[in-house]
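[1] Give the three-dimensional model of this entry:
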Amino acid sequence: MPYDIARVRAAYPALTEGYLHFDGAGGSQVAAGVADAVAETMRTAVANRSTASVPGQRAYEYVAQARAAIADLVGGVPEGVVFGPSATALTYTVARTVGRTWRPGDEVVLSRLDHDSNVRPWAQAAEAAGATVRWAEFDRDSGELPVDQYADLITERTRLVAVTGGSNAIGTVPDVPSIAKLAHAAGALVYVDGVHAAPHAPTDLAELGADFFVTSAYKWSGPHLAAVVAAPTVWEPLRPAKLIPSPDAAPERFEFGTPSFPLLAGVRAAVDHLAGLAELAGVADPATTPADRPARLRASLTAVRAYEESVFERLRSGLAGLPTVTVYGSARHRWPTVSFRVAGQTPAQTAAALGALGICVSAGDYYAYEYFQTMGLRDSGGAVRASVYHYNTADEVDRLLTELDRLSPRG
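    Numbering: from 1, shown residues only. Predicted structure coming up:
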């Protein structure tokens, strides 16, 4: 059955404004059901969490429903879901807490392919503890992150390995399960930045081998809220700095202050939206559609992956055919994201010219600091990034390619 892109797009009110959104890697548009859930919560009587009144009880329900939704999305358990304002903030919380257990001579393995939010918090925690940072390097031509190097990087002193589930700059999907296997053999924890991975395919923490997995809802049709997921047994020995009267139990002890109940309602609605995509797109047989949300998520995100790959291949091959465009990275396994430059233009100039035409892309280093430093591109403006999300179309790709060709300098 063909993917009904018109029905999928109709679920996103912002798309009616007519912009072409190739900026999903920086944040997707919000599904209608998500906006409705947030608005409805703000119109409903809700108090701070309390068992003494119905509004207080509702607050507990919003938190519980959001934890259950995230657990279903990534293959965790609700008791292991910690919420925070962003993936960066959550990673700092975990890094500072885990880092308190490190001693001089301990080691942390980081990757130069990662978003800086999965680099700097760990590097700074290591410096504070007197621990050593060891670096995994990517292949400059392909953008691959070779697994072989980890056998040498990980030692008996390794305490944590941080690695991306997908490069937000060039889309590379590292072999996280193999890296995690090496880390666990040495007794190290594995922290996976899943922000760029979770929107594009099913996620299973056990299959990845992730001890921690962080994701941001605004990258998959939801509100600006993030979650980091770990098994309760992983959280249990960790003690963050916190207020004395705040909860001592996990996961609450890692969450600071009163949460945003409307945004938590939006998280639950966003996960439900993702779970229903296969049905919405008409690629699921209603007679065989599973009833449970985890199975629906797997079916929907598998369908999303296939659709996005077809659209992205059109973009990738089209960019390769433009003689004035240089594309960075050619990894075999990648999420639908590409970075490039147009000859004779800074990335900011290219992005501004496309933006004036209603085509939204990103320009700069998108916080992939180590990648662009290694490539020698950061000081000259980084690159232009275009990413495909499940509401993009082949016609939009053709328009982007046409406009890039027009913007390209003529010899």
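[2] Can you list the residue ranges for helices in the stretch 251-400 of the chain?
    Listed in chain order, the helices of the stretch 251-400 of the chain (DSSP state H, counting those that start in this stretch) span residues 261-275, 277-280, 293-320, 347-356, 369-375, 394-407.
[3] centre of the chain versus the fifth one, how much separation?
    To tie it back to what came earlier, the one meant is helix 369-375. With CA atoms, centre = their mean, to the nearest Å as the basis, the distance from the averaged C-alpha position of helix 369-375 to the chain average is 19 Å.
[4] Turn the helices of the stretch 251-400 of the chain into CSV, including mean pLDDT.
    Rendered in CSV, the data for the helices of the stretch 251-400 of the chain read as follows (pLDDT from 0 to 100):
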stretch, mean pLDDT
helix 261-275, 98
helix 277-280, 96
helix 293-320, 97
helix 347-356, 98
helix 369-375, 98
helix 394-407, 97
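[5] out of those, deepest packed?
    Of all the helices of the stretch 251-400 of the chain, helix 261-275 has the most neighbours on average by mean count of other CB atoms under 10 Å, namely a mean of 25. Bear in mind the C-beta positions are built from the backbone N, C-alpha and C, glycine included.
[6] Which residue comes closest to residue 21 once chain neighbours are left out?
    Excluding the flanking residues, the one nearest residue 21 by CB to CB, 6 or more residues apart in numbering is residue 360, at 5.1 Å.
[7] from what I can see that neighbour touches residue 25, true?
    No: using CB atoms under 8 Å as the test, residue 360 is too far from residue 25 to be in contact (11.0 Å).
[8] Same drill for those two, tell me which one is more crowded.
    For residue 360 versus residue 25, neighbours defined as other CB atoms under 10 Å are more numerous around residue 25 (28 against 16).
[9] confidence score at the more buried one?
    Among the per-residue scores, residue 25 shows a pLDDT of 97.
[10] Check the gap between it and residue 321 for me.
    Note on residue 25: its distance to residue 321, by CB to CB, to the nearest Å, is 22 Å.
[11] repeat for residue 398
    Separation of residue 398 from residue 321 (CB to CB): 12 Å.
[12] Ok, residue 359 next?
    Look at residue 359 and residue 321: by CB to CB, they are 18 Å apart.
[13] Of these two, give the one with the bigger neighbour count.
    Looking at residue 359 and residue 321 with other CB under 10 Å, you find the greater number of neighbours at residue 359, namely 20 against 10.
[14] which non-adjacent residue is nearest that one?
    Leaving aside its chain neighbours, residue 359 sits nearest to residue 20 (4.6 Å; criterion: CB to CB, 6+ apart).
[15] correct me, but that neighbour touches residue 401?
    No: between residue 20 and residue 401 there is no contact under CB under 8 Å: 11.5 Å.
[16] any shared contact partners between those two?
    By CB atoms under 8 Å, 6 or more residues apart in numbering, residue 20 and residue 401 have no common neighbours.
[17] ok, the residue nearest to residue 359 to residue 392 distance?
    From residue 20 over to residue 392 (counting by CB to CB), the distance is 8 Å.
[18] same question, residue 249
    In terms of CB to CB, residue 249 sits 42 Å off from residue 392.
[19] on that earlier part again, between residue 20 and residue 392, which is the more surrounded one?
    For the pair residue 20 and residue 392, the greater number of neighbours falls to residue 392 (26 against 21), based on other CB under 10 Å.
[20] what sits against the more buried one?
    By CB under 8 Å, 6+ apart, the contact list for residue 392 reads 20-22, 24, 308, 311.
[21] ok, 6 Å please
    For residue 392, the contact set (CB atoms under 6 Å, 6 or more residues apart in numbering) comprises residue 311.
[22] what pLDDT does residue 291 get?
    If you check residue 291, the pLDDT there is 79.
[23] Where does pLDDT dip in this structure?
    Applying pLDDT under 70 to the predicted model, the residue ranges of the chain that meet it are 1, 287-288, 411.
[24] Kindly state the domain boundaries assigned to it.
    Structural domains of the chain, as assigned by automatic domain parsing, span the residue ranges 5-31+294-407, 34-271.
[25] How far does the shortest one sit from its chain's centre?
    Using CA atoms, centre = their mean, the distance from the centre of domain 5-31+294-407 to the centre of the chain it belongs to is 15 Å.
[26] before we move on, what about stretch 208-222?
    Relative to the centre of its chain, stretch 208-222 is centred 5 Å away, using CA atoms, centre = their mean.
[27] Can you check the distance spanned by that stretch, start to finish?
    23 Å (CA to CA, to the nearest Å).
[28] who are the neighbours in contact with residue 32?
    Listed by CB under 6 Å, 6+ apart, the contact partners of residue 32 are 11, 13.
[29] returning to what we had before: please tell me how far the residue nearest to residue 359 sits from residue 87.
    When CB to CB is applied, the distance between residue 20 and residue 87 equals 26 Å.
[30] for the helices of the stretch 251-400 of the chain, which one sits closest to residue 172?
    With respect to residue 172, and counting by CB to CB, the nearest of the helices of the stretch 251-400 of the chain is helix 369-375 at 9.4 Å.
[31] can you give me the helices in the stretch 1-150 of the chain?
    In order along the chain, the stretch 1-150 of the chain carries the following helices (DSSP H, counting those that start in this stretch): 5-10, 32-43, 54-74, 87-99, 120-129, 148-153.
[32] Could you double-check that residue 213 sits in contact with residue 194?
    Yes: if you go by CB atoms under 6 Å, residue 213 and residue 194 touch, sitting 4.8 Å apart.
[33] What about the nearest residue to residue 192 once chain neighbours are set aside, how many residues nearby?
    Leaving aside its chain neighbours, residue 192 sits nearest to residue 210 (4.0 Å; criterion: CB to CB, 6+ apart). A total of 28 residues lie near residue 210 under the criterion other CB under 10 Å.
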